[in-house]
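S.K.: one predicted model, sequence on top.
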Amino acid sequence: MTAVQTAGRGRLGRQWSSPRGNLYTTALLPFPGTLQEAALACFSAGLALIDAAKALGVDTTQLKLKWPNDALVGCAKLAGILIETGMLHGKLWMAAGFGVNVEVAPERADRVTTCLTALSGGADLTPSKLLAALDVAFRARLFRLLSEGFGSTREAWLANAAALGAKVELSPVSGRVEGVMAGLAEDGALILRLPDGSETHIRAGEISVLG
């Protein structure tokens, strides 16, 4: 954990605002599963954040997970998660980076933000307290992913999903597409119901709610 970052980054190389009072940490660990399972760890990480906040007494009923790896309260961003993987001596490793607004909601021109201390039960929360709880929760969620497969993680994530059933816009590599967020596929892809009633699976892209 670090108190302040000067070059924090999120998905797609975006800058992450990193003022003092928030949590910036990366879990670097050997990953005993497959590369496909490692790619699903972002869903475990989001659920672990909710688990950790709840364990510390925070009311998480408004905390939702945005596909694939952000945490929101309403439309305000609370946290971002970045999963990276690689091979070393033939072994798979995973780095799970968490940027969580704990005490400070950074002012951003491009988005609304919030922090955990603004939620009911979160007034006394500190980055150190959250880190300790998150360490336990993330390990537990990873164990569940590896021992049970993605099914239970998928169900839990959908129960906490932002924009499920809403009309959304996505910008995958192939171009902008609109539809209704209909669910989550077994490989972690977002299931989008198109205006003609057909469905497509989006595996990478930026999602925003329309209307």
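M.R.: Received it, and whenever you're ready, just let me know what you need.
S.K.: I'd like to know which elements the longest strand that the chain contains is packed against.
M.R.: Using DSSP state E to define each element, the chain has its longest strand at strand 76-88. Identification of packing neighbours for strand 76-88 by 3 or more CB pairs under 8 Å, 6 or more residues apart in numbering; DSSP states H and E yields helix 35-39, helix 41-55, strand 70-73, strand 91-100. C-beta: built from backbone N, CA, C; applies to glycine.
S.K.: between the ones you listed, which one is closest to residue 158.
M.R.: Ranking these by proximity to residue 158 (CB to CB) places helix 41-55 first, at 9.6 Å.
S.K.: what residues of the longest strand of the chain count as buried?
M.R.: 76-83 (16 or more other CB atoms under 10 Å).
S.K.: let me have the helices and strands packed on strand 76-88 in a markdown table, extended by mean neighbour count and distance to residue 202.
M.R.: Compiled in a markdown table, the helices and strands packed on strand 76-88 are given as follows (neighbours: other CB atoms under 10 Å; distance: least, CB to CB, whole Å):
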| stretch | mean neighbour count | distance to residue 202 |
| --- | --- | --- |
| helix 35-39 | 16 | 14 |
| helix 41-55 | 24 | 15 |
| strand 70-73 | 23 | 15 |
| strand 91-100 | 19 | 22 |
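S.K.: just to revisit the earlier point, send me the longest strand of the chain as CSV with only the CA atoms.
M.R.: C-alpha atoms of strand 76-88 as CSV (Å, rounded to 0.1, in the frame of the first residue of the first chain):
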residue,chain,number,x,y,z
ALA,A,76,-20.4,8.2,-8.9
LYS,A,77,-17.2,6.2,-9.2
LEU,A,78,-15.8,4.8,-5.9
ALA,A,79,-13.1,2.4,-7.1
GLY,A,80,-11.2,1.0,-10.0
ILE,A,81,-9.6,-2.4,-10.3
LEU,A,82,-6.9,-3.4,-12.8
ILE,A,83,-5.9,-7.1,-13.3
GLU,A,84,-2.6,-7.9,-15.1
THR,A,85,-0.9,-11.2,-15.7
GLY,A,86,2.3,-12.7,-16.9
MET,A,87,4.6,-15.7,-16.9
LEU,A,88,7.8,-16.1,-14.9
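S.K.: state the mean pLDDT of stretch 100-108.
M.R.: The average pLDDT within stretch 100-108 is 93.
S.K.: how about the strands in this structure?
M.R.: Going by DSSP E, the chain shows strands at 23-30, 63-66, 70-73, 76-88, 91-100, 167-170, 177-184, 190-193, 199-202, 207-209.
S.K.: just to revisit the earlier point, tell me which of the helices and strands packed on strand 76-88 approaches residue 141 most closely.
M.R.: Per CB to CB, nearest to residue 141 of those: helix 41-55, 3.9 Å.
S.K.: ok so, going back, closest one of the buried residues of strand 76-88 to residue 119?
M.R.: Among the buried residues of strand 76-88, and counting by CB to CB, the member closest to residue 119 is residue 78, at 8.7 Å.
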